[in-house]
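J.: sequence and computational prediction follow.
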Amino acid sequence: MCVPSQQAAPLVAGLCIAATALAGRYGIQAWQAFKARPPASRLRRFYDGGFQPTMTRREAALILGVRESTAVEKIKEAHRKVMIANHPDAGGSHYLASKINEAKDIMMGKPKNTGSAF
């Protein structure tokens, strides 16, 4: 059975309208699902909280951003990066610099310096 060309035009137009409506419906549902999702944290999450009275190996690893079982070379590299960002000569805090140095000493197994300025 062959459909005359005059009857085919409304059929094609109806199919196009139906396809557009379905695509629009899908787009609206996708947009609402996108808006409803929880916000994703794009920045690295840092340790919340102050310093403990005596620094532990775990706290030292958190300060330097390494694992407790990290190699000495990685500890030195992490210490350098954190110190560059927090050095007192570049506007950083003397207190934070002393804590970063204490963290490096603890992670490298050096004896604790009890003569801290803070």
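T.: Arrived safely, thanks for sending.
J.: what about the helix or strand hosting I17, distance to the chain center?
T.: Using DSSP states H and E, I17 sits within helix 5-36. How far helix 5-36 lies from its chain's middle: 39 Å, per C-alpha atoms, centre = their mean, to the nearest Å.
J.: and for stretch 84-93, what's in contact with it?
T.: By C-beta atoms under 8 Å, 6 or more residues apart in numbering, the surrounding residues in contact with stretch 84-93 are H94, L96, A97, I100. The way it works is simple: take the backbone N, C-alpha and C, and place the C-beta from them, glycine included.
J.: nearest residue to the first one in space, please, no chain neighbours.
T.: Same thing as H94. Of all residues not flanking H94 in the chain, P88 sits nearest, at 4.9 Å (C-beta to C-beta, 6 or more residues apart in numbering).
J.: confidence score at the one you found?
T.: Per-residue pLDDT puts P88 at 89.
J.: what's around I100, how many residues?
T.: Neighbours of I100 under the rule other C-beta atoms under 10 Å: 22.
J.: so, low pLDDT: which residues of the chain?
T.: Low-confidence segments of the chain (pLDDT under 70): 1-5, 40-49, 112-118.
J.: the same query, at a cut-off of 90, please.
T.: 1-13, 34-56, 68-70, 85-88, 90-93, 96, 109-118 (pLDDT under 90).
J.: show me where it has its helices.
T.: Shown for the chain, the helices assigned by DSSP state H span residues 5-36, 57-64, 72-86, 94-108.
J.: picking that back up, can I have the buried ones of the contacts of stretch 84-93 as a PyMOL selection?
T.: PyMOL command restricting these to the buried ones, with burial defined by 16 or more other C-beta atoms under 10 Å:
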select buried, resi 96+97+100
